[in-house]
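Engineer: only geometry, no sequence info:
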């Protein structure tokens, strides 16, 4: 009898906890006019709205992705972009084929993580689940396994590869809002990750999830990315402790300083951010510094240039928002600023984004 590969054993262990997530939405469409040569031609509908084409709504599947159960009570991890449309309906499909409507507990737009909860009357015993590993201990070259529903069509697709890179940065665009988000600290792998695989786990040789599959690079071969599982673990801790994912808030509006902006405003430097108000068509001017916010309490003013936050330099490689998420709500931080050509240090306590 042929000896089973360790990968086969890992897949059999993990597969029962992999789920498919479908996304449906009611879309409007025009009903075709009545059939001129059928019985409806002589009936009342001929002169009714059906003749001219009536607007109706129909539930249509518009997308989906993958996910995985992480505890026996039915908590599920996936990508935020898989369930980002708040007007859509979602279903979690188990390996048995059972379809469950999930409760969406939290969405983390910064780390592209979403946390769901499912329950089932048919599942009398505990849900099968995937254990979470430690993404901080990853090494280049170690074996990983990606599992998900490729293209939304091929359920339980398994691909293997290695960790090809660490701390990668990519820019992802939302298909709903078209907003661009920079994702940092990603795991690069040559394991095949296709559309529909998003939200599925990246598994190590111990059968533990060390990442959440997130993206592939179109036009390139063997380049896929996964979110470090430690980001999701942090979100889970926040959710357990506070009932929500808290995100730090500074309370300032700004524009990143580039070489072009430096020349336009005759600025002394080409890095950091310029604190500036935001013109609004309907509501006048939005203040550069939010009244009563952490930046306001620190004494920050419009036209100040923020150079550093907590000794971390603001640059094109590391934006202000990317630095902020490295701190905690309620944490004391220092701001290094430039005001009228002179450097100053301010201190404040970070608030919570609402």
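Structural biologist: Nice, thanks for sending it over. The structure displayed is predicted, hence computed values, not measured ones.
Engineer: kindly state the beta-bridge partners for residue 26.
Structural biologist: residue 59 (DSSP bridges).
Engineer: I'd guessed it sits against residue 58; true?
Structural biologist: Yes: using CB atoms under 8 Å, residue 26 is in contact with residue 58, at 6.8 Å. Every residue, glycine included, has its C-beta placed from N, CA and C.
Engineer: neighbours of residue 262, just the number please.
Structural biologist: Residues within reach of residue 262, counting by other CB atoms under 10 Å, total 15.
Engineer: ignore what I typed, I meant residue 58.
Structural biologist: Neighbourhood size, residue 58 [other CB under 10 Å]: 10.
Engineer: mind listing what's buried in the lengthiest strand in the chain?
Structural biologist: For the chain, the strand with the greatest residue count under DSSP state E is strand 154-173. Neighbour-count burial for strand 154-173, counted by 16 or more other CB atoms under 10 Å, picks out 155, 157, 158, 159, 160, 161, 163, 164, 172.
Engineer: tell me which strands and helices that strand is in contact with?
Structural biologist: Secondary-structure packing of strand 154-173 (3 or more CB pairs under 8 Å, 6 or more residues apart in numbering; DSSP states H and E): strand 143-150, strand 180-189, strand 209-216, strand 224-228.
Engineer: worst mean pLDDT among those strands?
Structural biologist: Sorting these by mean pLDDT places strand 180-189 lowest, at a mean of 82.
Engineer: the helix or strand following that one pairs with which strands?
Structural biologist: Counting by DSSP states H and E, the next helix or strand C-terminal to strand 180-189 is strand 201-203. Sheet pairing here is set by DSSP bridges, and for strand 201-203 it gives strand 143-150 (antiparallel), strand 209-216 (antiparallel).
Engineer: from residue 198, how far off is the residue lying closest to residue 112 once chain neighbours are set aside?
Structural biologist: With CB to CB, 6 or more residues apart in numbering as the criterion, residue 112 has its nearest non-adjacent residue at 4.8 Å, and that residue is residue 80. Using CB to CB, to the nearest Å, we find residue 80 at a distance of 10 Å from residue 198.
Engineer: and the two? Which one has more around it.
Structural biologist: Legend: neighbour count by other CB under 10 Å for residue 80 and residue 198, higher for residue 198 (29 against 24).
Engineer: circling back: in a markdown table: the helices and strands packed on strand 154-173, plus mean neighbour count.
Structural biologist: A markdown table is the format used below for the helices and strands packed on strand 154-173 (neighbours: other CB atoms under 10 Å):
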| stretch | mean neighbour count |
| --- | --- |
| strand 143-150 | 24 |
| strand 180-189 | 19 |
| strand 209-216 | 26 |
| strand 224-228 | 26 |
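Engineer: between the ones you listed, which one is nearest to residue 326?
Structural biologist: Closest to residue 326 of the helices and strands packed on strand 154-173 is strand 180-189 (CB to CB; 9.9 Å).
Engineer: how does the protein divide up, domain by domain?
Structural biologist: Domain ranges of the chain: 6-117, 135-242, 248-352, per automatic domain parsing.
Engineer: what is the end-to-end distance of the longest one?
Structural biologist: This means domain 6-117. End-to-end distance for domain 6-117: 31 Å, by CA to CA, to the nearest Å.
Engineer: low-confidence regions, the stretch 101-250 of the chain specifically.
Structural biologist: The stretch 101-250 of the chain contains residues with pLDDT under 70 at 122-125, 150-154, 173-181, 216-221.
Engineer: now do the closest residue to residue 72 other than its chain neighbours against residue 242, distance only.
Structural biologist: Distances taken as CB to CB, 6+ apart put residue 126 closest to residue 72, at 3.3 Å, once the chain neighbours are dropped. Here residue 126 is placed at a distance of 26 Å from residue 242 (CB to CB).
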